[in-house]
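>>> structure for this input, please:
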Amino acid sequence: MKQILMIEVSPRGRDSASRTVTETLTARLRALHPEAKLIRRDITAEHLPHLDDITLRAISTKDPTEAVLLFLWIAFLLIIVRPARVWDAGVAYAERLLASLPPPSAPKPKGRAPKGEN
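Numbers count the residues shown, from 1 in each chain. Below is the predicted model of the structure:
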């Protein structure tokens, strides 16, 4: 099954030009693929925290090693601060992934092929 992932990022809501374009694009994709599942994510639906000094430093540093280390630290903090949410999202993703895979086939026997099947 095809899936359409729409990620909304504009905080302007109905006044957003990008949301208008997204709606038009989604309507066209739905017309082309009516069987497709639409997954809509609005990252502005939840209030985002202010940027702290570590995040600002990670964004603005010129040192690639420092940037990687700071972003890893931020990711670690997010996982510790919101473990249930991250876990639930991971479980939901794994369940969807497993459901989309075809059933496993019987394993082929290892070793030589029987005579006449070479």
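>>> got the phi/psi numbers for the closest residue to Leu38 other than its chain neighbours?
Nearest residue to Leu38 in three dimensions, chain neighbours excluded: Ile4, at 5.0 Å (CB to CB, 6 or more residues apart in numbering). Bear in mind the C-beta positions are built from the backbone N, C-alpha and C, glycine included. Note on Ile4: backbone dihedrals following degrees, to the nearest 10 are phi -110, psi 120.
>>> for Ile4, grab the count of nearby residues.
15 (other CB atoms under 10 Å).
>>> now swap in the one 3 residues further on and tell me
Burial of Ile7 is recorded as 10 neighbouring residues (other CB under 10 Å).
>>> helix, strand or coil for it?
The three-state label given to Ile7 by DSSP: H, G, I helix; E, B strand; the rest coil is strand.
>>> could you find the closest non-adjacent residue to it?
In space, Ile7 is closest to Arg41, 4.9 Å off (CB to CB, 6+ apart).
>>> over to Arg40?
Met6 (4.8 Å).
>>> close enough to count as contact, the one you found and Ile43?
No. Taking contacts as CB atoms under 8 Å, Met6 lies outside contact range of Ile43: 11.3 Å.
>>> quick check, Gln3 in contact with Arg40.
No. Contact criterion CB under 8 Å: Gln3 and Arg40 do not qualify, at 11.2 Å.
>>> so who does Gly13 touch?
Arg19, Thr44 (CB atoms under 8 Å, 6 or more residues apart in numbering).
>>> one more time with 10 Å
Each residue near Gly13 by CB atoms under 10 Å, 6 or more residues apart in numbering is listed here: Arg19, Asp42, Thr44.
>>> are we agreed that Arg41 is in a strand?
Yes. Counting by three-state DSSP, Arg41 is found in a strand.
>>> and it, how close does it get to Met6?
Per CB to CB, to the nearest Å, Arg41 is found 7 Å from Met6.
>>> and these two? Which one has more around it.
Legend: neighbour count by other CB under 10 Å for Arg41 and Met6, higher for Met6 (15 against 10).
>>> right, I'll call it a day here.
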